[in-house]
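Visitor: okay, structure incoming, though there's no sequence with it:
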């Protein structure tokens, strides 16, 4: 099985495979590469609908050049904590960010969420985020405001009174509940539209169907989020026999 980096020709084959609707596993089989290699390549370069071989090749060359430069502010030391492979950590962070972006989250917000999630402490200040991501404090502030509104981060003060942004085990619960509340607002607005456009008319019927569908989905999300939180928060009983 060939090793090393993907060639430009292999990237063109990946692009053709995606255009033909082939699964990652089939593209990988044709290239004699691991499926994970193809998946990572596509997800870090725009996803299956936006992947372009030439752009992906140039982006990889730029990443290679950046990795040859000294890491700023001790990032290299953080990446290698616990014996981790620094390059593997960087590659995974890119994949994680791309997958979050594919779910609909803007790029900078995705980068900040990935940075916080993949930090052992799960907590960073605005200055630390700006240094790690090499962006302006204003970009961090805007991203955090969005993530906070969606329930993905919470704010706290440390012993030096600095504001820290935290991800914890409840972020996905909070984000799901925020999503359910957002859907509930759409339901309420759609129901109001039914009255405005007169019940029984095509537009009113369409709005009524939207309201019924999203009402069911939002209630299901909220119920599932509550159940999952309760189940996952329950500590398994110890099987040790009393001494």
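Guide: Looks like it came in fine. Nothing here was measured: the structure is a model prediction, and the numbers come from that model.
Visitor: hey, let's count contacts and neighbours off CA atoms from now on
Guide: Will do.
Visitor: so which residues of this structure form strands?
Guide: Counting by DSSP state E, the segments of the chain that form strands are 123-125, 154-157, 163-166.
Visitor: same list (those) but as a markdown table, adding mean pLDDT.
Guide: Shown next, in a markdown table, are the strands of the chain (pLDDT from 0 to 100):
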| stretch | mean pLDDT |
| --- | --- |
| strand 123-125 | 95 |
| strand 154-157 | 91 |
| strand 163-166 | 94 |
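Visitor: nearest to residue 54, of those?
Guide: Across these, residue 54 has its closest neighbour in strand 123-125 (35.7 Å, C-alpha to C-alpha).
Visitor: the closest one packs against which elements?
Guide: If you count contacts as 3 or more C-alpha pairs under 8 Å, 6 or more residues apart in numbering; DSSP states H and E, strand 123-125 packs onto strand 163-166.
Visitor: tell me the strands beside the strand it packs on, with direction?
Guide: strand 123-125 (antiparallel), strand 154-157 (antiparallel) (DSSP bridges).
Visitor: hmm, who's touching the shortest one?
Guide: Contacting residues not belonging to strand 123-125 are listed as 116, 162-167 [C-alpha atoms under 8 Å, 6 or more residues apart in numbering].
Visitor: how about these in JSON lines, adding neighbour count and distance to residue 87?
Guide: What follows is these, written out as JSON lines (neighbours: other C-alpha atoms under 10 Å; distance: C-alpha to C-alpha, whole Å):
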{"residue": "116", "neighbour count": "21", "distance to residue 87": "18"}
{"residue": "162", "neighbour count": "13", "distance to residue 87": "31"}
{"residue": "163", "neighbour count": "16", "distance to residue 87": "30"}
{"residue": "164", "neighbour count": "19", "distance to residue 87": "27"}
{"residue": "165", "neighbour count": "23", "distance to residue 87": "25"}
{"residue": "166", "neighbour count": "20", "distance to residue 87": "25"}
{"residue": "167", "neighbour count": "22", "distance to residue 87": "24"}
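Visitor: between those, which is closest to residue 31?
Guide: For the contacts of strand 123-125, the nearest to residue 31 is residue 116 (35.0 Å; C-alpha to C-alpha).
Visitor: now do the contacts for that closest one.
Guide: Contacts here follow C-alpha under 8 Å, 6+ apart; on that basis residue 116 touches 122-124, 165-167.
Visitor: check contacts around the closest residue to residue 44 other than its chain neighbours.
Guide: Nearest residue to residue 44, sequence neighbours excluded (C-alpha to C-alpha, 6 or more residues apart in numbering): residue 95, at 5.0 Å. By C-alpha under 8 Å, 6+ apart, the contact list for residue 95 reads 40, 43-44.
Visitor: that's all I had, so thanks and see you.
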